[in-house]
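Student: sequence and computational prediction follow.
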Amino acid sequence: MTLIKTEKLTHQYDKNTSVSLPNISIDKGETVLVIGKSGSGKSTFLNIVGGLIKPTSGEVRVNEVSISSLSQTQLDQFRAKNIGFVFQKHHFIQALNVYENIALAPYFSEVKEDKVYINHLLKSLQLDDKAGKKIDKLSEGEKQRVSIARALATKPIIILADEPTSALDDENCARVLDLLQQHAKEIGATLVIVTHDTRLKDRIDNQINLS
Amino acid sequence: MSIIKLAFKNVLARPINLVISVILFALGIGLIGFLLLFQDQIRTKFESNLAGIDLVVGAKGSPLQLILCNMYHIDNPTGNIKIKDASPFFRTNHPVVKKAVPLSLGDNYKTYRIIGTTHEILDLYKAKLVEGKLWDTDLEVVIGKEVAEKGQLKVGDKFNSSHGFTEDVDLAHDEFSFKVTGIVGATGTVLDQLILTNTSSVWLVHEKGADSIVYKTYKEDNTFEGLLKYPDRDITSMLIQYRSKTNYQALNLPRNINENTAMQAASPAFEISKLFNLIGVGTQALKWIGIIIGFVSALSIFLSLYRSLKERKYELALIRAMGANKSKVFWLILLEGLIYTIIGWIVGTLLSHLGMEIMATYLKNDFKYSFTGLTWLKEEWIILGVAIVIGIVSAIIPAYKASKEDIHLTLTER
């Protein structure tokens, strides 16, 4: 079953910069690697599917909903309920501890906080002893795992990961990828990884090359 | 998690900003709150002591001093007046004066003033005996509630007075002992702090019994008629109540006294109004200092929030990415501004009440009234309202800016 479908998508950033994307179709539960050179539109694709920006033209349907025609408020709600983000750079609320950072996603998504599931995530990502710790006390690897846990906390139908492994060594790269795939599978989510990290090419067969 | 909790955590995560902003805001609120408490209590105390007294007549001098000395008992007398000069006002058929109560000031007991007067003073202050009986003869006294409590006196006790208005063992009148015959219930007026006796007791103590005629003749008389037998003797003042305040003769009476007699007449309401105007200049200046401090703190909150936006742009973009709409981000920042000012209001209000409680001892010495910080004024709710408005105003620009941040640009920054 097709979960993400794009048609004739373009996005005009300014007068001189625009990006055109090929038609893309991604099925439910798939793990897809979106690769391409810089400027090929990887991040634009991620931002449009994630509802962070609206396409200038074309259509994108997610789970049968044409998100390109949603209002800003509807788009915010759509994003909250359906998308989990993992960013390359770890962005956290510094004032909150690990657990609170993860639980913030269900709060803003207006999804009931599932404490059992969050604790399960913490345990399976080996963060259960870090739940009460402030973010700045964590290592880079731990931060990345918190970021994954937060993306999963609302049990989204799509996980969008933007360069999740670029800054990691081989060992951690493999580990993060395994964790993402394992947890996405657990909740039946579609995993879309946007990257130029060539190490992932050999590990994920389903690839979309935007170059 | 809730947006309020998140706002709280964000504010607490920047302790230096929080402490500076709260201290500044609390100082402004505290100063204004303290002045309101002080003004309210001093006004209430002064007004409750007006006790239906329309005019005070005494020796020439400062009219304010005359009022402060004879009505509020916080200043020295302007001098004495002769009974023969005062006698026209003691007439029962006086067309203007309904009641004239003589006062003779002289001594104190543990700083509580001993006043020579007549029984009518109790009617003037609507005071009632709660124990014992009124004084009957010389050296018998009725004491106010506070004198009984703080001076540890009860009916039947005896004490020696000290000369003047301050306690001094070297100036004690050891030859005469006053005896407590009654205690007056609390009135909330200066009467609670007075020791009342007949006029001749005051004369007696100061003349050390030399004029035995006075003692023997006067001792059974506690009315003004008794005083009229001694036209050449002195009293300190008279408290006068008019038959009608709007009678034109009553309106002219003070001027007539001031222009045509050796005495001075002063209207308590007028003098107290003048006093409040004088105090008002000082309190107004302090209030402006409080307002300026409040304004500076609002600026500090604004700068603190505005500067934090730069450091927190990823956090705010992240919140948006997680599904928070623009209005939620706007409210988050607005709440943070409100938290600063509400904490500042709480600390400032505590400071003002604590300050009033500490200052109460010193103020009591100066004003002879009990002040308290353990009270609440409705104006303090108005200050809270102003604090909320300041919180909103200082946070509104940062909140608007935060809600307009471009999330995808921020989050995809490498």
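Tutor: Arrived safely.

Student: and the next element down the chain from the helix or strand bottoming out on mean pLDDT in chain A?
Tutor: Here the helix or strand of chain A ranked lowest by mean pLDDT, DSSP states H and E is strand A:18-20, holding a mean of 85. Per DSSP states H and E, the first helix or strand lying C-terminal to strand A:18-20 is strand A:24-27.

Student: three-state assignment of residue 204?
Tutor: Unless you meant another one, I'm taking chain A. Secondary structure for A:I204, judged by DSSP: H, G, I helix; E, B strand; the rest coil, is coil.

Student: from A:D169, how far off is it?
Tutor: Using C-beta to C-beta, to the nearest Å, A:I204 is found at 19 Å from A:D169. The C-beta positions use only the backbone N, C-alpha and C, and glycine is treated the same way.

Student: burial count for the residue in the stretch 51-200 of chain B that chain A sits nearest to?
Tutor: Among the residues of the stretch 51-200 of chain B, B:G188 lies closest to chain A, at 51.2 Å counting by C-beta to the nearest C-beta. By other C-beta atoms under 10 Å in any protein chain shown, 14 other residues sit near B:G188.

Student: who's in contact with it?
Tutor: B:S48 (C-beta atoms under 8 Å, 6 or more residues apart in numbering or on different chains).

Student: secondary structure class for the spatially most central residue of chain A?
Tutor: When C-alpha atoms, centre = their mean is applied to chain A, the residue found nearest the centroid is A:L160 (2.0 Å). With three-state DSSP as the basis, the three-state label of A:L160 is strand.

Student: list the contacts for it?
Tutor: A:L46, A:V49, A:G50, A:I83, A:G84, A:F85, A:V86, A:V192, A:V194.

Student: contacting chain B as well, which ones from those residues?
Tutor: Among these, the residues within reach of chain B (C-beta under 8 Å from any C-beta of the partner chain) are A:G50, A:F85.

Student: which one of the contacts of A:L160 is nearest to B:L350?
Tutor: A:F85 (44.3 Å; C-beta to C-beta).

Student: what about the closest one, distance to A:N47?
Tutor: Note on A:F85: its distance to A:N47, by C-beta to C-beta, is 10 Å.

Student: which residue does chain B bring closest to chain A?
Tutor: Counting by C-beta to the nearest C-beta, chain B gets nearest chain A through B:G323, at 2.2 Å.

Student: contacts only, for that residue.
Tutor: Applying C-beta under 8 Å, 6+ apart, the residues contacting B:G323 are A:D76, A:Q77, A:R79, A:A80, A:K81, A:A105, A:F108, A:S109, A:E110.

Student: so which bits of whichever strand or helix holds the fourth one are buried?
Tutor: With secondary structure defined by DSSP H and E, A:A80 is part of helix A:72-82. Applying a neighbour-count criterion of 16 or more other C-beta atoms under 10 Å in any protein chain shown, the buried positions in helix A:72-82 are A:L75, A:D76, A:Q77, A:F78, A:R79, A:A80, A:N82.

Student: within reach of chain B, which of those residues are there?
Tutor: Checking the buried residues of helix A:72-82 against chain B (C-beta under 8 Å from any C-beta), the matches are A:D76, A:Q77, A:R79, A:A80.

Student: got those residues as CSV, with pLDDT columns?
Tutor: Shown next, in CSV, are those (pLDDT from 0 to 100):
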residue, pLDDT
A:D76, 87
A:Q77, 88
A:R79, 90
A:A80, 89
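
Student: which pair of those residues spans the longest distance?
Tutor: A:Q77 and A:R79 (7.3 Å).

Student: per the annotation, how does chain B divide into domains?
Tutor: Here the domain parsing of chain B from automatic domain parsing is B:3-46+B:277-411, B:55-266.

Student: show me what the helix or strand hosting B:T361 is packed up against.
Tutor: Secondary structure from DSSP H and E places B:T361 in helix B:326-367. Under the contact criterion of 3 or more C-beta pairs under 8 Å, 6 or more residues apart in numbering or on different chains; DSSP states H and E, helix B:326-367 touches helix B:3-12, helix B:15-48, helix B:268-311, helix B:313-321, helix B:379-403.

Student: let me see the mean pLDDT of stretch B:161-171.
Tutor: Averaging pLDDT along stretch B:161-171 gives 66.

Student: nearest residue to B:T372 other than its sequence neighbours?
Tutor: Leaving aside its sequence neighbours, B:T372 sits nearest to B:A360 (C-beta to C-beta, 6 or more residues apart in numbering or on different chains; 6.0 Å).
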